[in-house]
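>>> Next come a sequence and a model predicted from it.
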Amino acid sequence: MEAHPRILIVDDQELNIHVLQRILRDAGYSHIRSTTDPCAAVALFVEYQPDLVLLDLQMPVLDGFGVLERMVELLPADGYLPILMLTADDRVESKQRALSSGAMDFLAKPFAPVEVLLRVRNLLQTRRLHVMLLTQNEQLDGKVRERTRELEEAQIEIVERLATAAEFRDDDTGRHTQRVGELAVRIAHAAGFSDRDLDVMRRAAPLHDVGKIGVPDGLLLKPGALTSAEREQMKMHTVMGAQILSGGRSDLLRMSERIALSHHEQWDGSGYPYGLAGDAIPIEARIVAIADVFDALTHDRPYRKAWPLDAVIAEIRRGRGGHFDPQLVDAFLGCRPERAAPTPSRGIRRTHQTTSRVST
């Protein structure tokens, strides 16, 4: 509240307003507005934003109860605005109704200057304390939010570093996670994601393989085919990644957890770790599944050379409705992905074993 509180007087009698203004101005209150028209009171209330309202109870057309109810409706849930009712009606029923409707106190007519100032000062002091409390709470909330944001950023930075460390083990450049993130954002944009969700996706998608930090080198870098037991062990990187990311409160960590756990689920239910199908797979994970396979196939890996771009596009088309969400494949194809890499010198192996390894 400002050093000079704003006071609004609503009374259909000009003489009453004049008396109150004189009493208040003699006491040093200079910011005073008034009206004798109760129907104009609410509009003036909205415009002036007073710290205290002196409101006559008995007025024609719209009485004080009607004005009071309309003003109270405009107050925020945590707002406190003292309303001092002006009345010559000393009936208990009238006072109870006014108090239950939002009035804070009563001032009897005719006005006694000492009583006017006492009640005005008390109500303004209460208003001042309430405003101070709200300000302090907002400052504390801001500090808590800032501290929470800092902690979340620190947590996310640690996880991102883990993801990068895991990626360097089977990607000489360490750029796979970033490329997947960039392509996932393009697909998500084509699929109609909001700008805010795109920002979250941009940071969440690169964390999809953070669970690889727990996969042994001998398994991760094995040049040949994996045994059945080794494939099952490799699949656990999805669960490990979700465990690393679990418990986060931010949208970023929650999306990252969903992606890490489910980016190897397949549209037809043949994926892992839980065999989810269709819309049961989080859409973020369905997007990353496409981006992950595309990037893996267009770059060299320890167990195979990169595929030509046309062959990769054809492979993803074949996975439409099986491995991948059909609508997201269409969104992906609309992105016109490119791969600026030389054509591999070795032939393409399109066995089931090859496609399963590129997406592990």
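Perfect, I can see it now.
>>> after the one helix or strand residue 158 maps to comes which helix or strand?
Element membership for residue 158 (DSSP states H and E) is helix 113-168. Scanning forward in sequence from helix 113-168 by DSSP H and E, the next helix or strand is helix 176-190.
>>> on contacts alone, who are the packing partners of that following helix?
With contacts defined as 3 or more C-beta pairs under 8 Å, 6 or more residues apart in numbering; DSSP states H and E, helix 176-190 has these neighbours: helix 113-168, helix 195-204, helix 283-297, helix 326-334. Backbone N, C-alpha and C define where each C-beta goes, glycine included.
>>> can you redo the ones you listed as JSON lines with mean pLDDT, mean neighbour count and distance to residue 183?
Formatted as JSON lines, the helices and strands packed on helix 176-190 follow (pLDDT from 0 to 100; neighbours: other C-beta atoms under 10 Å; distance: least, C-beta to C-beta, whole Å):
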{"stretch": "helix 113-168", "mean pLDDT": "82", "mean neighbour count": "14", "distance to residue 183": "15"}
{"stretch": "helix 195-204", "mean pLDDT": "93", "mean neighbour count": "17", "distance to residue 183": "11"}
{"stretch": "helix 283-297", "mean pLDDT": "95", "mean neighbour count": "25", "distance to residue 183": "4"}
{"stretch": "helix 326-334", "mean pLDDT": "95", "mean neighbour count": "17", "distance to residue 183": "8"}
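>>> Quick check: which of the ones you listed is nearest to residue 210?
Closest of the helices and strands packed on helix 176-190 to residue 210 is helix 113-168, at 4.2 Å (criterion: C-beta to C-beta).
>>> Direction-wise, compare that closest one with helix 176-190 and give the angle.
120 degrees (axes from the mean of the first three to the mean of the last three C-alpha atoms, to 10 degrees).
>>> how much does helix 113-168 deviate in direction from helix 195-204?
Put simply, helix 113-168 runs at 40 degrees to helix 195-204, going by the same axes, to 10 degrees.
>>> Show the pLDDT at residue 1.
Looking at residue 1, its pLDDT reads 54.
>>> The helices and strands packed on helix 176-190: which one's closest to residue 236?
The closest of the helices and strands packed on helix 176-190 to residue 236 is helix 113-168. By C-beta to C-beta, the value is 13.4 Å.
>>> Name the surrounding residues that touch the strand or helix carrying residue 259.
Per DSSP H and E: residue 259 is located in helix 251-262. Helix 251-262 is contacted from outside by 152, 155-156, 159, 200-201, 203-205, 207-211, 238-239, 241-242, 244-248, 273-274, 276, 281-282, 284-285, 288, using C-beta atoms under 8 Å, 6 or more residues apart in numbering.
>>> Which helix or which strand is home to the residue lying farthest from the centre of the chain?
For the chain, the residue at maximal distance from the C-alpha centroid (C-alpha atoms, centre = their mean) is residue 110, at 54.6 Å. Under DSSP H and E, no helix or strand contains residue 110.
>>> which phi and psi does it have?
The phi/psi pair for residue 110 (degrees, to the nearest 10) reads phi -70, psi 160.
>>> Let's see the pLDDT reported for it.
Per-residue pLDDT puts residue 110 at 88.
>>> ok, it to residue 128 distance?
To residue 128, residue 110 is 28 Å away according to C-beta to C-beta, to the nearest Å.
>>> and what of residue 285?
53 Å.
>>> Now do residue 278 against residue 253, distance only.
Note on residue 278: its distance to residue 253, by C-beta to C-beta, is 25 Å.
>>> of those two, who's got more company?
It is residue 253, of residue 278 and residue 253, that has more neighbours when counted by other C-beta atoms under 10 Å, with 21 against 12.
>>> how much space between the more buried one and residue 247?
8 Å.
>>> Secondary structure element holding residue 15?
If you go by DSSP H and E, residue 15 is part of helix 14-26.
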